[in-house]
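In: next come a sequence and a model predicted from it.
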Amino acid sequence: MRWPRPHLPPFLLSSQRRHCHSTSASLSLTSSLLSFLHALPPSSSPSLRSALRSLSPLLTRHIVTEALLSSTSPLPAFHLFLFTSSFPHLRSVNAKNRMICLFGQHPESISEALGLLKEVKDEKNGDFELTAAGFAPVIDGLAKSGRVEKAIEVFERMIPEFDCKPNTTVYNILIKMFVEKEVVLLAMAVYNQMVKSNCLPNRFTYAILMDGLCKTGNSKDALNLFDEMLQRGLSPDSRIYNIILTSFCHSGRINEALKLFDSMREKGCEPNKADCNSLLNGLCKTGRIQEAFTRLKTFEKNGFVLGLEGYSSLIEGLFRIGKFDEACLYFKNMINNDIKPDRIIYTIMIKGHANVGRIQDCFSLLNEMTGTGLVPDTFCYNTIIKACCDLGLLDQAQTLKLEISKNDLFPDSATHTILICGLCKAGLINEAHEIFDEMSKLGCQPTVYTFNALVNGLCKAGKIKQANILFYKMEMGKNPSLFLRLTQGTDPVRDAPSLKKMLTQLCQAGEVLKAYKILRGIMDSGVVPDKVTYNVLINGFCKAGDLNWGLKLFKEMQMKGINPDEFTYCTVINALLTANKEEEASRVFDNLLESGFKPIGAIYYSFMSDLCRKNKISKAISLWFDFLTREFSADFKASEQILKVRKNYENGLFEETMRGLIDLDWVYNGSVRSDPYTIWLVGFCRASRVSDALIIYKVLSDNNVDLSPMSVRVLTESLCLTNELTFAVNLILYSVRKGFVLTMNKKVINVLVKKLCERNRILAARVLFGRLVVAGCDLETFFWNSTKAGVLRSERRFAQLKALIA
């Protein structure tokens, strides 16, 4: 059906006749158009659209934009916007933004706007087609006014109710809204649906998603999107370059960041100040401070001026590598260059002083900061609170927590977590639990780090059951019914992949609102146990001798998509070996290798310790060679050297083997890993192979490698049993020099002193006894009466001997 020619008001008819495009005529037409729009009642929609069709030859982008910018009533303005959105030459960004602003200011008009959209759709007029451009300001206006669920509802109604397919702009609005609401997982699900529906993403789509992913720590996914964008033929702009550059730097992939930065000019995108600052920050955070200063010189030649952000990165980088004086000097230089410090750089300075225990300087900097008119934020206070807790100054830490509130701030979850860690470290578990319970009363929700801190404290205090209860409270969160609903049924959501699958399915079915409500429900219901939580509990159960519970949690974490790390594997394998379950430990180790995980030395230490306990020392040494072969498989020269050392061992040349292994450590690690050698030393002693143990001791001593207190103690015991008293005395004196003599076996030392006296080694006995007393061995409690009597007898014998000689 075609609408009849409308009766236009005389002022519009005269404008139509003149068809004049002068500035004055343009202003007159804009004014007349506005008056006409606001004069018509809502029931005149068809007539208005028909009138606008007749006027379309006179309208320009400028006239439409000016009319919308001047309009204060959303519905008449939307009439005009909706009509002109069908004509590409009349569209403008300013017009769209004005409509978004009007709907944001008058959200009550949204329902009428939707009614108008429905009306236009039902007209089925060939002159005017309802497009997604009409929905964009409605959805964006709702999003900007905080009515997220209503915005999603309008989006969901587009296809089934209006037969209008969302375009790139509409999808971008929805994706941006989800990123801002921190539901990036749902933003990605909507993006996947966008691609599946053949709606092409643009640079803005990728920029929003990559920024959201980077800010939530998903740098890998952001980089995958970057590659996908390039495959689609979209070249990155300066914003995207900065997002990816920052992502590379945050994830420690600094070489890739440097390569990308250097390639920007070649691709026609000149690095800006933000890019330079991102690169300096990345270099400083990875300890490459010298390279950062070299790059800075190059930047300055190209006109870069170092500002607060750059100074912050460099000063923090200097503190990070232990160059305290240089960092302080750079701070002074910054002030001398008339750059006024802000709150961030003061916090960096406070943290730098806190890390070296200079707590009074921290307070001085805090006073200096407030003296300049800057108000410390909660993060700044948390830095000093942590320093106080690290030094055991818990009362001062609590006082600072109270001071936060005086500055119209509130202690956050990090404040409480730091205090809980400090109290647990001091053994004040009940007080830590009180702080934890206080959080919810103050409206401060515990994070996963808070839970982990208390669970760890409870485990170390032997309160495993309480830790386990807290773990399940953490998992159930504030909404147990949601947890049960999601984790039960035919398609349960137990891990991140199953949650992604569920969100994708809901988006494909057009149920984006339901997906959003579920995801927000999960986020608001509490926190989810992470790898650290599981590691702490598994370790706690295993150390308490409850291996079954430890293994249960080990399997559970994998079912939930949380991959075990080296600490998890090491804990489980060690617990299984301690329980004499060697086959199960080997199976866990095989699974580790099959999953592509590179085992660390600590896992091998557990296996070697177990083998040495069972007098299988040769097998333990062979296992270490297997580890070295795997570790240096990509290095041909190192592999050759390992093979050579292994042949020495197989030919019975143990001292040459030891020296070869130590050389390997120095060349390829820069230091000696003493753990495997002390494990073998203890194993040899227990197998009564003291001569081999002494070879290890000699080679390590020659290379200035410290032995562990336990290995010294075990070797001393073996030497006493075999009457190798000179070596035994040297080892005790070694423990005195190293400061751990008080941890030695009191019985062994007493037996050694008595044996020296019995064998008339009077001088050696006197020297050893005197050195032990000076080192803090109490005469009354450390030495037996029989030992003291033996020394006295030796002294008398020594005096008699001196008299005879005289």
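Out: Looks like it arrived, so ask away.
In: please identify the helix or strand for the most centrally placed residue in the chain.
Out: With distances taken as C-alpha atoms, centre = their mean, the chain has Gly217 as the residue nearest its mean C-alpha position (6.2 Å). Taking DSSP states H and E as the definition, Gly217 sits outside all helices and strands.
In: list the contacts for it?
Out: For Gly217, no contacting residues are found, by C-beta atoms under 8 Å, 6 or more residues apart in numbering. Backbone N, C-alpha and C define where each C-beta goes, glycine included.
In: distance check, it against Ile435.
Out: 27 Å (C-beta to C-beta, to the nearest Å).
In: now Thr131
Out: Thr131 is 57 Å from Ile435, by C-beta to C-beta.
In: again with Arg320
Out: Taken as C-beta to C-beta, the span from Arg320 to Ile435 is 30 Å.
In: more neighbours: the two, which one.
Out: Ile435 (24 against 17; other C-beta atoms under 10 Å).
In: tell me the buried residues in the one helix or strand the more buried one maps to?
Out: Using DSSP H and E, the element containing Ile435 is helix 429-441. The neighbour-count check on helix 429-441 (16 or more other C-beta atoms under 10 Å) flags 429, 431-433, 435-436, 439 as buried.
In: which elements pack onto the helix or strand following it?
Out: The first helix or strand that comes after helix 429-441 along the chain, using DSSP H and E, is helix 448-460. Under the contact criterion of 3 or more C-beta pairs under 8 Å, 6 or more residues apart in numbering; DSSP states H and E, helix 448-460 touches helix 413-425, helix 429-441, helix 464-476, helix 531-543.
In: could you give the angle of the last one to helix 448-460?
Out: This points to helix 531-543. Interaxial angle, helix 531-543 versus helix 448-460 (axes from the mean of the first three to the mean of the last three C-alpha atoms, to 10 degrees): 10 degrees.
In: residues in contact with Leu752?
Out: 716, 720, 725, 728-729, 732, 768.
In: from the residues you listed, which is closest to Ile243?
Out: Thr716 (60.7 Å; C-beta to C-beta).
In: identify the residue nearest the closest one in space, chain neighbours excluded?
Out: Leu731 (4.8 Å; C-beta to C-beta, 6 or more residues apart in numbering).
In: please enumerate residues in contact with the one helix or strand that neighbour maps to?
Out: Taking DSSP H and E as the definition, Leu731 sits inside helix 725-738. By C-beta under 8 Å, 6+ apart, the surrounding residues in contact with helix 725-738 are 694, 697, 706-707, 709, 712-713, 715-716, 719-720, 741, 743-744, 749, 752, 755-756, 759, 761, 764, 768, 771-772, 775.
In: which of those count as buried?
Out: By 16+ other C-beta under 10 Å, the contacts of helix 725-738 give 694, 697, 707, 709, 712-713, 715-716, 719-720, 741, 744, 749, 752, 755-756, 761, 764, 768, 771-772, 775 as buried.
In: now, the residues you listed that are in strands?
Out: In strands, judged by DSSP state E, none of the buried ones among the contacts of helix 725-738 are found.
In: among the residues you listed, which are located in helices?
Out: 694, 697, 709, 712-713, 715-716, 719-720, 749, 752, 755-756, 764, 768, 771-772 (DSSP state H).
In: surely Gly457 and Thr417 touch.
Out: No - counting by C-beta atoms under 8 Å, Gly457 does not reach Thr417; the two are 11.2 Å apart.
In: need the contact list for Lys267.
Out: 235-236.
In: cutoff 10 Å now
Out: Contacts for Lys267 were tallied using C-beta atoms under 10 Å, 6 or more residues apart in numbering; they are 235-236, 241, 260.
In: just the buried ones from those, in ChimeraX syntax?
Out: Remark: buried members of the contacts of Lys267, expressed as a ChimeraX selection using 16+ other C-beta under 10 Å:
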select :236,241,260
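In: let me know the closest of the contacts of Lys267 to Tyr206.
Out: Pro236 (8.2 Å).
In: for that closest one, helix, strand, or coil?
Out: Per DSSP: H, G, I helix; E, B strand; the rest coil, the secondary structure class of Pro236 is coil.
In: and it, how far from Leu258?
Out: For Pro236 relative to Leu258 (C-beta to C-beta), the value is 17 Å.
In: sorry, back to before: tell me the least confident of the buried residues of helix 429-441?
Out: Least confident entry in these, by pLDDT: Met439, with 84.
In: isn't that one right up against Ile420?
Out: Yes - if you go by C-beta atoms under 10 Å, Met439 and Ile420 touch, sitting 9.3 Å apart.
In: common neighbours of these two, please.
Out: 446, 450.
In: against Asn382, how distant is Ser405?
Out: Applying C-beta to C-beta to Ser405 and Asn382 gives a distance of 14 Å.
In: any common contacting residues for those two?
Out: Pro411.
In: neighbour-wise, which of the two wins?
Out: Legend: neighbour count by other C-beta under 10 Å for Ser405 and Asn382, higher for Asn382 (24 against 11).
In: contacting residues for the more buried one?
Out: Contacts of Asn382 by C-beta under 10 Å, 6+ apart are 347, 351, 376, 400-401, 404, 411-412, 414-419.
In: among those, which ones are buried?
Out: 347, 351, 376, 400-401, 404, 411-412, 414-419.
In: circling back to that earlier point, from Gly252, how far out is the residue nearest to the centre of the chain?
Out: For Gly217, the distance to Gly252 - C-beta to C-beta - is 12 Å.
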